[in-house]
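*Asks:* Just a sequence and a predicted model for now, questions to come.
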Amino acid sequence: MVTSKEIADLIFPDIDSDLVKLEARYPNRNLPEGAEVTRFAPSPTGFLHTGSLFTSLICYRVAKQTGGVFYVRLEDTDTKREVQGSGLELLNQLRLFGIVPDEGYLGDHESGNYGPYVQSKRADIYKVVIKHLLENDKAYPCFCSPEELEDIRKEQEKVKDNPGYYGKYAKCRNLSNEERKAKILAGDPYVIRFKSNGDHLNKIQVTDLIHGDFEIAQNDLDIVIYKSDGLPTYHFAHAVDDHFMRTTTVIRGAEWIASLPIHVELFEALGWQKPRYAHLPVIMKVGENGNKRKLSKRLDNEAAVSYFLKDGYPTEALIMYLMTIANSNFEEWIFEHHFEHMEDFIFSFDKMSLDGALFDMGKMSFFSKEILGKMTKKQILDMTIKYSKEYNKDLYDLVNRDQKYYMEIMNIEREKENPRKDYEKLGNVYELIAFFYPDLYDQMVKENPIQFNEKFTKEDITEALLIISKELSLDQDEQSWFANMKEIGEKLGFAPNGKTFKQNPDMYKGTVGDIAEFIRLSLTLRKNSPNLYYVMKILGREECDRRFHQVIANL
Ligand code: GLU
């Protein structure tokens, strides 16, 4: 009689290690009570999704705040979906967001005692465990062809049975070891399946740190654990890796809740203690039809972390925003802490909402403005150089014409108690500040001649700009400058404020606001600009006058 051990040896003749040796090679971690070991386990399929950044952020925070370990494991067993080089890029991007692993796959190398941390390099470890399952009759080779599996699926559809390889549909489960041996020796291709003892009519009790305790149907599927390419499937690799890497809490997306029964059964079959689980809400968006849907790379810019990098958002802004999704009390906390030191906030699983969170670009912009507003001019310069060098050549060249001048421009109403929040991202700074540069100003005014409010005549505007050019001194403080502008306005027949104008609208051509608009449009070509007094100071007397006269000449 052929034993299961013989089948296991036939399939894995070179594997002579066993579970005991693996246990010894990967001992329990020597960490203080309460320290959490968490992991981020991306697949190298192309780009860092905003949802994955969220997951890695939570993993990182939980490990940090408990004095534990945060590691990265590269899950590259799906060779068909792999995009070359994307593992390294994922790690680089994580680092930009301040998420730095303590160990694991680090992009260009690995570090730590629990590796290898790249699944494709762990084939021998998986084989040891699978061999153990085969020897103990908890797994078996399955020789079903894709056509046979398709027939099973059709049959199940016809009789309205649950889909999958289980029970009476699991044909290879009941092969004798003699039949298995014969097929293997004949070179029939096969995969290895886990032999489930479950029944989907039974319920099991599971605990999730976010979702609490709940019941879920037991697994009854004989899932594939080892593919014909010699690599394991996700479910099996999860159990093996999180066990031997000594993960204490598996933090991953809510899409994995449905697979929990499989994982529970795998851990039990192997006699291993399960990790704790925390399934995070999925980040959603309201779609075109008004329904919520998952953020999609194809449809939504904000699904890819690279979008925020390319558009020049400060990385802290996205992290701050994601923290508001993570914990409902974070927003109040960060306001109280003036948008600083968010690393001091204590994250907790029970303050996380169960529902998928909606991505709110408005809130994201708000944080971004706050963070950019708080930076010093030197920090803004440094960030701009770093960003524009990689993503925005026009801005890079502009800043490097004269870095001091750029700092002066960006410093308008900055470095003070309540700084202005004029900038949301660096991606559109070029357009916002181009007017400060005379050659760009000339080019823009040529392309888009200024449109003044039609209620003023050419003569009104000419007269106003001439007097402003002559009498509005820049050698005074902002208050006196404003008083000076009012005086000029009154001389020209413009009310000093809206209230006076409303009392006697017939007596005035407009208000001092209109005078300011003449100046603003003439100098900046826009109706909104940073503080006009500082704009004029930065441009300087000569350049202001040149622009006023040029505007008059072109009226
Ligand atoms: N590689 C899996 C994924 O990309 C990881 C899931 C997990 O964290 O266990 O979704």
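*Replies:* Yes, it's here. Small disclaimer: the values here were computed from a predicted structure and weren't measured. Residues are numbered from 1 along each chain as shown.
*Asks:* Leu91 versus the residue lying closest to Asn28 once chain neighbours are set aside, what's the distance?
*Replies:* Spatial nearest neighbour of Asn28, excluding adjacent residues (C-beta to C-beta, 6 or more residues apart in numbering): Arg246 at 6.0 Å. The C-beta positions use only the backbone N, C-alpha and C, and glycine is treated the same way. The spacing between Arg246 and Leu91, counted by C-beta to C-beta, to the nearest Å, is 21 Å.
*Asks:* How about Ser296?
*Replies:* 24 Å.
*Asks:* Between these two, tell me which one has more neighbours.
*Replies:* Taking other C-beta atoms under 10 Å, Ser296 and Leu91 do not tie; Leu91 has more neighbours (24 against 11).
*Asks:* Distance of the more buried one relative to Asn528?
*Replies:* For Leu91, the distance to Asn528 - C-beta to C-beta - is 41 Å.
*Asks:* Could you count how many residues lie near the closest residue in space to Gly513 that isn't next to it in sequence?
*Replies:* Among residues not flanking Gly513 along the chain, Gly498 sits closest, at 7.1 Å (C-beta to C-beta, 6+ apart). By the criterion of other C-beta under 10 Å, Gly498 has 12 neighbours.
*Asks:* Could you pull up the residues touching the residue nearest to Asn28?
*Replies:* Residues near Arg246 by C-beta atoms under 8 Å, 6 or more residues apart in numbering: 26, 28-29, 37, 114.
*Asks:* ok so it is a strand residue?
*Replies:* No. Secondary structure of Arg246 (DSSP: H, G, I helix; E, B strand; the rest coil): coil, not part of a strand.
*Asks:* quick check: longest helix of the chain.
*Replies:* In the chain, assigned by DSSP state H, the helix with the most residues is helix 532-553.
*Asks:* That one: which residues count as buried?
*Replies:* For helix 532-553, burial by neighbour count (16 or more other C-beta atoms under 10 Å) applies to 532-539, 544, 546-548, 551-552.
*Asks:* tell me the contacts of the closest residue to the ligand within the stretch 51-200 of the chain?
*Replies:* Taking C-beta to the nearest ligand atom as the measure, the stretch 51-200 of the chain has Glu75 as its residue closest to the ligand, at 3.6 Å. Glu75 sits next to 41-43, 119, 234, 237 when contact means C-beta under 8 Å, 6+ apart.
*Asks:* And the furthest pair within these?
*Replies:* Pro42 and Ala237 (13.4 Å; C-beta to C-beta).
*Asks:* Just checking: what are the partner strands of the least confident helix or strand in the chain by mean pLDDT?
*Replies:* None of the helices or strands of the chain scores lower by mean pLDDT, DSSP states H and E than strand 357-358, at a mean of 85. Here strand 357-358 has these sheet partners by DSSP bridges: strand 283-286 (parallel).
*Asks:* starting at the chain centroid, how far to the helix or strand that the strand it pairs with is followed by?
*Replies:* Downstream of strand 283-286, the first helix or strand assigned by DSSP states H and E is strand 292-294. From the chain centre to the centre of strand 292-294 is a distance of 16 Å (C-alpha atoms, centre = their mean, to the nearest Å).
*Asks:* Also stretch 368-382?
*Replies:* Using C-alpha atoms, centre = their mean, the offset of stretch 368-382 from its chain centre is 21 Å.
*Asks:* shift numbering so it begins at 858
*Replies:* In the new numbering, first residue 858, that becomes stretch 1225-1239.
*Asks:* Hmm, Leu931 and Glu939 touching each other?
*Replies:* No. Assessed by C-beta atoms under 8 Å, Glu939 is found out of contact with Leu931, at 9.9 Å.
*Asks:* Which residues are in contact with the closest residue to the ligand within the stretch 1008-1157 of the chain?
*Replies:* Of all residues in the stretch 1008-1157 of the chain, the one sitting closest to the ligand is Arg1109 (3.4 Å; C-beta to the nearest ligand atom). With contacts defined as C-beta under 8 Å, 6+ apart, Arg1109 is in contact with 898, 912, 1134-1137.
*Asks:* So for Asn1158, what's the pLDDT?
*Replies:* Per-residue confidence (pLDDT) for Asn1158: 88.
*Asks:* what about Glu1159, how many residues close to it?
*Replies:* 18.
*Asks:* thinking it is in contact with Gly1219, fair?
*Replies:* No. If you go by C-beta under 8 Å, Glu1159 and Gly1219 don't touch, sitting 11.7 Å apart.
*Asks:* residue contacts, Leu1331?
*Replies:* Neighbour list for Leu1331: 1338, 1393-1394, 1397-1398, 1401 [criterion: C-beta under 8 Å, 6+ apart].
*Asks:* and with 6 Å instead?
*Replies:* Contacts for Leu1331 (C-beta atoms under 6 Å, 6 or more residues apart in numbering) come out as 1393-1394, 1398.
*Asks:* now do Glu1159
*Replies:* Glu1159 neighbours (C-beta under 6 Å, 6+ apart): Phe1216.
*Asks:* is it true that it lies in a strand?
*Replies:* No. Glu1159: not assigned to a strand; according to three-state DSSP it is helix.
*Asks:* In the contacts of Glu932, which residue is surrounded by the most others?
*Replies:* So for the contacts of Glu932 (other C-beta under 10 Å), the most neighbours sit at Ala898, 27 neighbours.
*Asks:* Look up phi and psi at it.
*Replies:* Reported as degrees, to the nearest 10, the phi and psi values for Ala898 are phi -130, psi 70.
*Asks:* got it, and Leu947?
*Replies:* Leu947 adopts backbone torsions of phi -60, psi -50, taken as degrees, to the nearest 10.
*Asks:* and the stretch 908-1057 of the chain, which residues reach the ligand?
*Replies:* For the stretch 908-1057 of the chain, the residues in contact with the ligand (C-beta under 6 Å from any ligand atom) are Glu932.
*Asks:* What ranges does the stretch 908-1057 of the chain have for its strands?
*Replies:* 926-929, 960-962, 967-968, 996-999, 1048-1051 (DSSP state E, counting those that start in this stretch).
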